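Chemist: Predicted structure and sequence below. I'll ask about it afterward.
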Amino acid sequence: MLIRMNEIFPISRLLIKKKLNVLNEHDRMQFKKFNEKYPFLKEVNVEDLLEEIEAYSDIDKEQAWKSIQNKYQNRKNKSRFVITRRSWFKYASAAIVVGIVTTFLFKKEIFQSKEEITPIIVNTNQDIIYPGTDKATLTLGDGSVVALEKGNDFETKSAHSDGQKIIYNHENKNTSKITYNYLTIPRGGQFYLRLSDGTQVWLNSESQLKYPVSFNEGETRVVELIYGEAYFDVSPSNENKGSRFKVLNKLQEVEVLGTEFNIKAYNDDFNIYTTLVEGEVAVTSGEQSKKLSPNHQTKLHLESHKITVHDVDAKSETSWRNGVFSFREKPLKDIMKVISRWYDVNVVFENKDLESITFKGVLGKNQDLETILETIKNLSIIKNYEIHGKQIILK
């Protein structure tokens with residue numbers, strides 16, 4: 001039997017916790033169920049799992065595992081095996097608690113399944129809040145609105161969709177009147193779009209993009225990120241008769257020739273962030289203009305209109321596109337903004353001091369919300385939490 005997709009992270013977490021001998025009673029019950037369901041888990045090599053963490057964490061794996069092995073060796077002469085909070089966090093938290101150890105298992109191709117998922121209920125007294133899905137609404141040039149989601153196929157003369165992505169026909173033509181479509185992603189959603197010039201766009205939850213059904217040949221290709229977050233893989237100009245590509249949003253425009261970059265411009269943020277992954281872009285606002293090279297990010301402050309440039313890890317900043325949230329010393333307030341959009345919930349900080357506590361780690365987007373909250377709780381970032389429908393209270 002193949003492991004179901006949303007069981008990947010819990011299983012990986014339990015495998016490593018078992019290796020460190022820190023399973024609690026609830027963990028043991030879950031682990032027993034997984035072992036009965038998937039007997040081959042006994043053959044998974046935890047050391048190999050840890051070797052795959054490098055792409056997702058700054059943890060020093062070699063030193064971490066040496067420390068772990070030494071502790072196990074010392075068990076021969078001791079009646080108890082103790083992991084202090086300090087060593088736990090330094091050597092194991094990213095691997096054990098955060099759920100970032102599934103790459104090895106993905107490569108073994110043991111986690112691919114299209115079966116319907118029956119969730120494991122962690123606490124029957126609380127609602128299970130599931131992660132977001134591929135869904136959007138498409139507004140056509142005539143004003144009509146189409147719901148795009150799994151199971152709803154849609155087709156026009158210019159585009160077709162299987163409900164989980166929308167592809168526009170590869171054609172650019174000259175016309176005096178350009179027809180625009182709007183793709184709107186709700187909270188708890190994400191969507192993939194391929195424009196008529198071949199440019200690929202991944203839209204994050206709570207986002208809206210305006211774009212032409214087809215571009216005029218030889219003219220600058222222009223789209224507008226009305227709000228939200230989008231990752232662009234732009235079709236190069238040499239494949240589009242030399243035409244440049246621009247993304248407009250609020251107070252700035254981003255011009256490219258052919259590259260990959262991310263724009264984050266949510267309505268409830270005070271800044272617009274543009275992160276370059278590959279190539280080169282120019283970010284312009286008013287009389288200011290900044291050129292970016294890979295792993296650089298501009299921050300445009302919406303009140304002062306000032307643009308600053310910062311070094312970032314572009315892979316981490318854009319990890320949402322690949323099914324994970326990667327946080328590097330981010331305050332919990334900002335992290336919960338991301339979480340709230342993906343799970344379509346409202347987060348209340350009962351203790352306001354929690355808002356500024358920083359977190360470093362990676363969370364899988366396919367986990368249910370309670371698993372995410374348990375992760376944060378196990379790291380002693382919060383003492384407790386409550387789930388009341390769509391409201392999350394952090395204590």
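Modeler: In hand now; what should we look at? Numbering: from 1, shown residues only.
Chemist: can I assume Y231 is in contact with T318?
Modeler: Yes: with contacts counted by C-beta atoms under 8 Å, Y231 reaches T318, the gap being 5.6 Å. To be clear about C-beta, it is placed using only N, CA and C from the backbone, and glycine gets the same treatment.
Chemist: who touches both of these two?
Modeler: Taking C-beta atoms under 8 Å, 6 or more residues apart in numbering as the contact criterion, the common neighbours of Y231 and T318 are N262.
Chemist: tell me the contacts of E317?
Modeler: Applying C-beta under 8 Å, 6+ apart, we find E317 in contact with 262, 273, 275, 297, 326.
Chemist: Output the below-cut-off pLDDT ranges for the chain.
Modeler: Applying pLDDT under 70 to the chain flags the ranges 1-10, 12-13, 16-17, 19-22, 40-127, 172-173, 176.
Chemist: rewinding a little: in strands, which of the contacts of E317 appear?
Modeler: In strands, judged by DSSP state E, the following of these are found: 262, 273, 275, 297, 326.
Chemist: If the last one is in a bridge, with which residues?
Modeler: Per DSSP bridges, residues listed as beta-bridge partners of S326: V362.
Chemist: Could you tell me the end-to-end distance of stretch 252-266?
Modeler: Taking C-alpha to C-alpha, to the nearest Å, the span from the opening residue of stretch 252-266 to its closing residue is 14 Å.
Chemist: So for this protein, the centremost residue is which one?
Modeler: Nearest to the mean C-alpha position of the chain, counting by C-alpha atoms, centre = their mean, stands W320 at 1.9 Å.
Chemist: ok, that one - contacts?
Modeler: With C-beta under 8 Å, 6+ apart as the criterion, the residues that contact W320 are 204, 229, 338, 365.
Chemist: cool, L193 as well?
Modeler: In this structure, L193 makes contact with 165-168, 183, 200-203, 209, 211, judged by C-beta under 8 Å, 6+ apart.
Chemist: can you rerun that using 6 Å?
Modeler: With contacts defined as C-beta atoms under 6 Å, 6 or more residues apart in numbering, L193 is in contact with 166, 183, 201.
Chemist: same question, L183
Modeler: Listed by C-beta under 6 Å, 6+ apart, the contact set of L183 reads 136, 138, 193, 209.
Chemist: Looking at the residues you listed, which one is closest to S158?
Modeler: Nearest to S158, judged by C-beta to C-beta, of those is L138 at 11.3 Å.
Chemist: Confirm that closest one sits in a strand?
Modeler: Yes: the assignment for L138 (DSSP: H, G, I helix; E, B strand; the rest coil) places it in a strand.
Chemist: That one: neighbour count?
Modeler: A count of nearby residues for L138, using other C-beta atoms under 10 Å, gives 20.
Chemist: could you pull out the helices for the chain?
Modeler: If DSSP state H is used as the criterion, the helices of the chain fall at 8-19, 25-37, 46-51, 61-74, 85-87, 93-96, 103-107, 314-317, 332-343, 369-378.
Chemist: Describe which strands the strand ranked longest in the chain pairs with in its sheet and in which direction.
Modeler: Looking only at the chain and at elements set by DSSP E, the strand with the highest residue count is strand 221-233. Strand 221-233 has its sheet partners listed here by DSSP bridges as strand 200-203 (antiparallel), strand 207-212 (antiparallel), strand 245-249 (parallel), strand 260-265 (antiparallel).
Chemist: possible to save the ones you listed as CSV with distance to V283?
Modeler: Written out in CSV, the entries for the strands paired with strand 221-233 read as follows (distance: least, C-beta to C-beta, whole Å):
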stretch, distance to V283
strand 200-203, 18
strand 207-212, 18
strand 245-249, 10
strand 260-265, 9
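Chemist: Out of those, the one nearest I387 is which?
Modeler: Each of the strands paired with strand 221-233 has some distance to I387 by C-beta to C-beta; the shortest is strand 207-212, at 25.5 Å.
Chemist: Hmm, T284 and K291 touching each other?
Modeler: No: in terms of C-beta atoms under 6 Å, K291 does not count as a neighbour of T284; the distance is 9.9 Å.
Chemist: Out of the two, name the residue with the larger neighbour count.
Modeler: Comparing K291 with T284 by neighbour count (other C-beta under 10 Å), the higher total belongs to T284, at 19 against 14.
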